[in-house]
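1. Give the three-dimensional model of this entry:
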Amino acid sequence: ELLPSVRYELTALAPEYQVRSQFRSARVAGAGYVRWTERVDDARQVGVGSSIAPRRSGRVAPRIDVDIWSHTREGVGIHGAVTLEIVAPNLRGAAVTMTVGAKSTGYVAALPLDNGAYVSAGIVFTPW
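-> Numbering: from 1, shown residues only. From the prediction side, this is the model:
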């Protein structure tokens with residue numbers, strides 16, 4: 001199955017456009033996208049990325065994310081992460097996420113500009 005979509009987002013660099021497609025098969029699900037920002041002061045960022053996860057079996061769902069971009073001022077950058085989502089057993093729509101990742105210098109939404117490894121954790125609640 002393929003589900004195409006278009007996304008517009010205001011980012012710290014400039015307004016960003018994304019053409020995305022979510023996909024699903026019997027074993028994996030994920031999304032792929034191409035993104036670009038509007039040109040601001042002769043600078044623009046263009047990138048591609050993907051998120052791939054095996055179909056959930058039980059309470060734990062792993063996911064791999066990769067994003068590669070080119071910025072006219074900072075050059076080429078890359079970001080990769082592995083995320084585990086653990087579903088709460090008795091709370092419908094609630095989960096805990098843990099992510100380990102690394103990125104090169106440059107802009108990626110919600111991450112520091114500097115390069116290096118990082119670890120993050122969070123709580124997800126989906127009401128529907």
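2. Mind pulling up the pLDDT for the residue located most distally from the centre of the chain?
-> Note on the chain: the largest C-alpha distance from the chain mean falls to Asn90, namely 27.6 Å (C-alpha atoms, centre = their mean). pLDDT, Asn90: 78.
3. And it, its phi and psi?
-> phi -120, psi 10 (degrees, to the nearest 10).
4. Next: Asp41.
-> Backbone torsions of Asp41, given as degrees, to the nearest 10, read phi 50, psi 50.
5. same deal with Arg55?
-> phi -60, psi 140.
6. Could you pull up the contacting residues of it?
-> Neighbour list for Arg55: Arg24, Ala26, Arg27, Val28, Ala29 [criterion: C-beta atoms under 8 Å, 6 or more residues apart in numbering]. In this view, the C-beta of every residue, glycine as well, is placed from N, C-alpha and C.
7. what sits against the residue nearest to Arg20 when sequence neighbours are not counted?
-> The shortest distance from Arg20 to any non-neighbouring residue, by C-beta to C-beta, 6 or more residues apart in numbering, is to Tyr33 (4.1 Å). Taking C-beta under 8 Å, 6+ apart, we find Tyr33 in contact with Arg7, Gln18, Val19, Arg20, Ser21, Val48, Gly49, Ser50.
8. May I ask which helix or strand of this structure has the lowest mean pLDDT?
-> Least confident helix or strand, the chain: strand 2-10 with a mean of 89, by mean pLDDT, DSSP states H and E.
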